[in-house]
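Engineer: return atomic coordinates for the entry below.
(2 chains)
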Amino acid sequence: MIALIIKRLVATTFVMAFVALFVFGLLHLAPGDPAAVIAGDIATKEDIERIRNALGLDLPFHTQFFNWLGAIMQGDLGTSIFSGRPVAELILQRVEPTLALTTTTILLSVVVAVPLGIVAAWRAGSWVDRSTMGFAVLGFSVPVFVFAYLLIMIFAAHLKLVPVMGYVSPTDDVGGFLRSIALPTVALGVTYVALIARITRASMLEAINQDYIRTAHAKGLGIIPILFRHALRNASVPIVTTVGIGIALLIGGVVVTESVFAIPGLGRLTADSILRRDYPIVQGVILIFSAIYVLINLTIDIIYIIVDPRIRY
Amino acid sequence: MRHAKLGRTALLGAAALVANMSLAMAETTLKVVPQADLKNVDPVWTTAAITQNHGYMVYDTLFALDSKLQPHPQMVDTWSTSDDGLTWTFTLRDGLLFHDGSPVETNDVIASIKRWSVKRADGQAMMSRVKEIAPVDAKTFEIRLEKPFGPMLSVLGNPTLLLPIMREEEAKTDPNTQVTTIIGSGPFKFSQDEWVPGDRVVYRKFEEYKARSEPVDGFAGGKVVKVDKVEWIYIPDTNTATQALMSGEVDVYEIPPMDLMPILKADPNITVQVLDPLGKMGHIRPNHLYPPFNDPRARQALQLLVDQREFLAAQVGNPDFETVCYSVFMCNSALESEAHAEPWMKPNPEKAKELLEEAGYNFEDPIVVMLPTDQQIIYNNVLVMVGKLKEIGVNVDAQAMDWSSLTSRRAKTDDPNADPKVGWHLFPTWWTGVPMSSPLTNAPLVATGDPKTAWFGWPKDDEIERLRSAFMEATTKEEQMGIVDAIQKRFYEVIPYLNTGQFVTPVAWRTTLTGVPNALLFVAWNLEKTE
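Structural biologist: Numbers count the residues shown, from 1 in each chain, chains lettered A, B, ... in the order given. Model prediction:
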C-alpha cells in the first residue's frame, strides 16, 4: 500500500504540471481582458492599454507562464489582479464554507441514501422500492436551484426557522452554523441522496442474489447481519466510488448552491473570477482542486483495498 | 480585607464586562446588498460604479453636488476666483483628518487632483487649461489657469467619478496602479481586515469625522453618521436578496430587479424610492471606423429603427420607471433639451433601408453585433435592435458572449468586414445619467476619432469637438444652453450613438431606516436605524 501511495504522489506532480499548463493556456486563449473590466465603462482604449501594461498582461504568453510557474514553485499562488490580495489568502478565506457544505452534504447523503438503497433492494418491487426510486428520479430531474428556492420560500420566508442566506462559522456560533448550513445542505444533498441510493440499491440487488447470501439465510442468520455484514460489504465498492466521485464533484460543483444562499465559498470565488478574468485566482483554485481530486482518488483506492482485500494494484 | 479587595476587583471586572457587552450590543449595523461586488478599492484606478460608491464611504471631496446637481463646498471652507477667472483660491475647513489621524493638507489635495485628473475626461479638460496648482499654505491652495474654465466647481464635485482626497503618499501612486492602502478622510473607515472580496465589505464609523453644519442635501451638507458599522453583503442571486430584505436579514437592496418590484412595493415594511432621478440611458454604439457605419446615413438609418418605447419595454418592462428621452444630455437634467430631435422620434424602417442603401450597404455583408448574454438589461436592449435590423433585410451576425469578452472585444479597432471574428459593427451598453448630462463627461460624445481619447466606436466630428470645447468657457446658463442646442442639432446629423430610452432603478430599504439622503445613490450617512 505504501508503494501505491508513493507511486500516486509522484504521478500527482505530473498531473499538476499538466493541469497548470492546460489551465494557463486555456484561460489566456479565452476571449476577455481583465484590464478592460478593471478600467470600467468610461475608459478609453488607451486607458486599458496602460492598465494592461502596469499589470504585466501585455507580456508574451510564455513569459507570463514561466513567471507564474516560478512563483508556484516557491509556493506563491500569485496576487489577484482585481483586489491586489494574495490568491492563497483569498482561497483560505473561502475554504471553510465549501468544506463545511461538502462535508454536511456527503454526511447527509450517506446517512440517508445508503439505508434507503438497502431497504429498496431488500424490498425490491414493493412500494418502498418504488417510492425510493421515484424520489431518485425526482432528485436527478429537478435542478438544485429550484429545490433551493422552494426551501427558502417554505423554511426561511414563511416559517422563519432558518436564515435566507449567509454562512456562520462553527467557530463563531455552532447553532448559527447549523441553521445557516441546513437549507444549502438539503438543497444540494437531494441529488446525491438520489445518486447514492440508486447505486446502493443496484449493488445490493446483485449481492443479495448471490449464493453466499442464500447460505447465510439457510444458516438462520438475521436479516440485519445478512444485509449489513455480508451483502453491504460486498456491494460497497461501487458505493464507495460514487461517494468519492460525489465529494470531488461537490467541491467544484457547489457554485449554484453557494450563489443562491450567498455562501462565500470556493465555487463562487471560481465563478466570479472566471467572469471577470482574474487569472491568478482561477489558476490557483483549479490547481488546488486538481490536487484534491487526485488525493480523493488515492483515498478511494486505499478504501477499495480495505473493503475488498482481493483488489491489488 | 484581602477578600474585600478581591470582591471589589471582581465587581469592577464584572461591571466592565457588562459595559463592554452593552456597548457591543448597542452597536448599530447597517446591512446593504450593493449593486455589485466590490472588486477593487481605488476609485481613481477604475471607473466601476461600485468602486465610486466605496469612494464616497471612505473619502471626502472638495465640493459636492446637491439634489439639484448644484455644487457646494464640502472639504473646502471658503473659495474665491479672480476677476479674470484665471486664479481660483481654495481654503480647507479646520479639523479635517485622515483615518490615520494625520491632518488633511494642501499637498494631499494637490497630489489627489493631479492623480485623478489623469484618469477622468472632465479632469483632463480642466488640466488642459491649468497652468499650475500651487500651495499657499497648509490649508490654502490655488489653481492657476491659462484660459477660463466655467464648470470648475462642478468638476471638482463630480458625483459619479468622484475626486477622492487621499494622503499624498497614496495620491502619488501611478494612476494606472491600484492604491491598496485605503486611508481617506471620509465619514467611514474601510475595515481592510474584514473585507472578503466577493462576499462582504465592512466600514466603521470614523469618530473623528467633522461633518459640515448645513443639512444634508444630495451629496452636499453635513455627513452625520448615525450607525456604527456598515456591511455590504454581496448576494448574487436576486431572489435571495429580495427574500433577505423582506425577512429583515438585510436593510437595503440597492438595485432590486424590476420584475420583483411589485412584491417589494406591496410589502408594508419596505420603502421603494428613486434616489437618482436621472437614472440610466440605454445605449447602442456603432463602429465609426468602418463601413457601413462610417457613413452618417447608415447611422441615421439605425436611429430610424429605434422606437424607445419598444426598447424600454425590453430593457425595463415597467412604465413607472421608464422615460422616452431624445435629449443628448438626459431628461430631468439641467441641460435637458429635445431640440432638433422631432424628425427622429418616429421610427421609419423603409427610410432606414433607403439610407443604408445610400450608404453603400449591400444587405449581404454580415453586420457583427455583440450580445452580452450575462447582462440582462443590455442583452434585451440589443436583441430588439437585432430584430429591427433583420426586419429590413440586414444580414446580422449576432455573436453571443459574456460581458468580459465584450469589454475586451470592443477595444479592438480591426475591420469587422475583413474579419468578423475580431472586429465589430455594433454593441450595446447603458450609461449612468449624471456623466451623460454634461458635454464634459459624456464619454461617447467625444468625437476626436482617436482611440487614445475617444470612447470605443471612435466617432470623428470636428463640429462636436468645437462645441464641447466652447462649453468649457461658457459661464452663464444661456451660453451653455445655446451650445447644448447646437450639439443637439449636430448630434442628429451625425448620430454618434443611439439612445434607447432612459430608466431609473429604485432603491428598496426597510422602513426601520429613516433619513435616507436624496443623493444620487444610496449613502450611509444621515440615516438612522431603529429595531
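Engineer: and residue B:89, backbone torsions?
Structural biologist: phi -120, psi 130 (degrees, to the nearest 10).
Engineer: and it, what's its pLDDT?
Structural biologist: Looking at residue B:89, its pLDDT stands at 97.
Engineer: state the distance from it to residue B:455.
Structural biologist: Residue B:89 sits 34 Å away from residue B:455, taking Cβ to Cβ, to the nearest Å as the criterion. Bear in mind the C-beta positions are built from the backbone N, C-alpha and C, glycine included.
Engineer: with residue B:467 instead?
Structural biologist: 17 Å.
Engineer: quick one, strands of the stretch 151-300 of chain A?
Structural biologist: Counting by DSSP state E, counting those that start in this stretch, the stretch 151-300 of chain A forms no strands at all.
Engineer: how about residue 87, what does it touch?
Structural biologist: Defaulting to chain A. Contact partners of residue A:87, counting by Cβ atoms under 8 Å, 6 or more residues apart in numbering or on different chains, are A:77, A:78, A:79, A:80, A:280, A:281, A:284.
Engineer: hmm, I had chain B in mind actually
Structural biologist: B:81, B:142, B:143, B:144, B:145 are the contacts of residue B:87 under Cβ under 8 Å, 6+ apart.
Engineer: any idea what the fourth one is bridged to?
Structural biologist: The one in question is residue B:144. On the basis of DSSP bridges, residue B:144 is bridged to residue B:87, residue B:132.
Engineer: what's the neighbour count on residue B:56?
Structural biologist: Other residues near residue B:56 come to 26 when the count uses other Cβ atoms under 10 Å in any protein chain shown.
Engineer: which residue, other than its chain neighbours, is closest to it?
Structural biologist: Nearest-residue entry for residue B:56: residue B:523, 5.9 Å, with adjacent residues in sequence omitted and distances by Cβ to Cβ, 6 or more residues apart in numbering or on different chains.
Engineer: right, and the one you found touches residue B:276 too?
Structural biologist: No - look at residue B:523 against residue B:276 with Cβ atoms under 8 Å: they stay out of range, at 11.6 Å.
Engineer: would you mind giving the domain segments of chain B?
Structural biologist: According to automatic domain parsing, chain B comprises the domains B:43-180, B:189-276+B:509-529, B:280-503.
Engineer: for the chain, give me the ranges with low pLDDT.
Structural biologist: Because you didn't say which chain, this covers chain A. Residue ranges of chain A with pLDDT under 70: A:252-253, A:312-313.
Engineer: that's the wrong chain, I meant chain B
Structural biologist: Using pLDDT under 70, the flagged stretches of chain B are B:1-25.
Engineer: what residue is smack in the middle of it?
Structural biologist: residue B:160 (3.7 Å; Cα atoms, centre = their mean).
Engineer: which residue does the stretch 151-300 of chain B have closest to chain A?
Structural biologist: residue B:199 (3.4 Å; Cβ to the nearest Cβ).
Engineer: neighbours of residue A:74, just the number please.
Structural biologist: When neighbours are defined as other Cβ under 10 Å, residue A:74 has 6 of them.
Engineer: before we move on, back to that, how close does the residue nearest to the centre of chain B get to residue B:119?
Structural biologist: Separation of residue B:160 from residue B:119 (Cβ to Cβ) stands at 13 Å.
Engineer: related to what we said a few turns ago, of residue B:89 and residue B:455, which one has the most company?
Structural biologist: residue B:455 (24 against 15).
Engineer: what does stretch A:71-84 rub up against?
Structural biologist: Contacts for stretch A:71-84 (Cβ under 8 Å, 6+ apart): A:20, A:34, A:37-38, A:55, A:57, A:68, A:85-88, A:90-91, A:273, A:276-281, A:283-284, A:287, B:39-41, B:178, B:180, B:197.
Engineer: how about a cut-off of 7 Å?
Structural biologist: With contact meaning Cβ atoms under 7 Å, 6 or more residues apart in numbering or on different chains, stretch A:71-84 is reached by A:20, A:34, A:38, A:55, A:68, A:85-88, A:90, A:276, A:278-281, A:284, B:39-40, B:178, B:180, B:197.
Engineer: and what of stretch B:165-183?
Structural biologist: Stretch B:165-183 is contacted from outside by A:50-51, A:54, A:84, B:40-42, B:44-45, B:58-62, B:75, B:98-100, B:102, B:104, B:107-109, B:111-112, B:115, B:118-119, B:184-185, B:190, B:192, using Cβ under 7 Å, 6+ apart.
Engineer: chain neighbours aside, what residue packs nearest to the closest residue to chain A within the stretch 251-400 of chain B?
Structural biologist: Using Cβ to the nearest Cβ, the closest approach of the stretch 251-400 of chain B to chain A is made by residue B:374 at 7.1 Å. Leaving out its chain neighbours, the residue that sits closest to residue B:374 by Cβ to Cβ, 6+ apart is residue B:402, at 4.8 Å.
Engineer: what about that neighbour, neighbour count?
Structural biologist: By the criterion of other Cβ under 10 Å, residue B:402 has 18 neighbours.
Engineer: likewise the one 5 residues further on?
Structural biologist: The tally of other residues near residue B:407 (other Cβ under 10 Å) stands at 29.
Engineer: and residue B:396, its phi and psi?
Structural biologist: The phi and psi torsions at residue B:396 (degrees, to the nearest 10) take the values phi -90, psi 130.
Engineer: give the contact list for the nearest residue to residue B:182 once chain neighbours are set aside.
Structural biologist: Once flanking residues are discounted, residue B:182 sits nearest to residue B:190: 4.3 Å by Cβ to Cβ, 6+ apart. By Cβ under 7 Å, 6+ apart, the contact list for residue B:190 reads B:41, B:58, B:182, B:203.
Engineer: highest neighbour count among these?
Structural biologist: Among the contacts of residue B:190, residue B:203 has the most neighbours (other Cβ under 10 Å), with 26 neighbours.
Engineer: thinking that one is in contact with residue B:230, fair?
Structural biologist: Yes - under the criterion of Cβ atoms under 7 Å, residue B:203 makes contact with residue B:230 at 4.4 Å.
Engineer: what is in contact with those two at once?
Structural biologist: Shared contacts of residue B:203 and residue B:230, counting by Cβ under 7 Å, 6+ apart, come down to residue B:188.
Engineer: still on that earlier bit, now a ChimeraX select for only the buried ones of the contacts of stretch B:165-183.
Structural biologist: Per 16 or more other Cβ atoms under 10 Å in any protein chain shown, the buried members of the contacts of stretch B:165-183 correspond to this ChimeraX selection:
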select /A:50,51,54,84 /B:40,41,42,44,45,58,59,60,61,62,75,98,99,104,108,109,111,112,115,119,184,185,190
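Engineer: mind checking which of the contacts of stretch B:165-183 land in helices?
Structural biologist: If you go by DSSP state H, the contacts of stretch B:165-183 have A:50, A:51, A:54, B:58, B:107, B:108, B:109, B:111, B:112, B:115, B:118, B:119 in helices.
Engineer: setting the sequence-adjacent residues aside, check what's closest to the last one.
Structural biologist: Yep, that's residue B:119 we're talking about. Sequence neighbours aside, residue B:175 is the residue nearest to residue B:119 in space, at 5.1 Å (criterion: Cβ to Cβ, 6+ apart).
Engineer: now the one you found: how far from residue B:63?
Structural biologist: Going from residue B:175 to residue B:63 by Cβ to Cβ gives 21 Å.
Engineer: what about the nearest residue to residue B:108 once chain neighbours are set aside, how many residues close to it?
Structural biologist: Nearest non-adjacent residue to residue B:108, counting by Cβ to Cβ, 6+ apart: residue B:168, 4.7 Å away. By other Cβ under 10 Å, the residues close to residue B:168 number 15.
Engineer: do residue A:107 as well
Structural biologist: Residue A:107, neighbours per other Cβ under 10 Å, totals 12.
Engineer: what about it, which SS state?
Structural biologist: The assignment at residue A:107 comes out as helix when based on DSSP: H, G, I helix; E, B strand; the rest coil.
Engineer: give the buried residues for stretch B:145-160.
Structural biologist: B:145, B:149-160.
Engineer: er, stretch B:443-454 actually
Structural biologist: So for stretch B:443-454, counting by 16+ other Cβ under 10 Å, buried means B:443, B:444, B:445, B:446, B:447, B:448, B:451, B:453, B:454.
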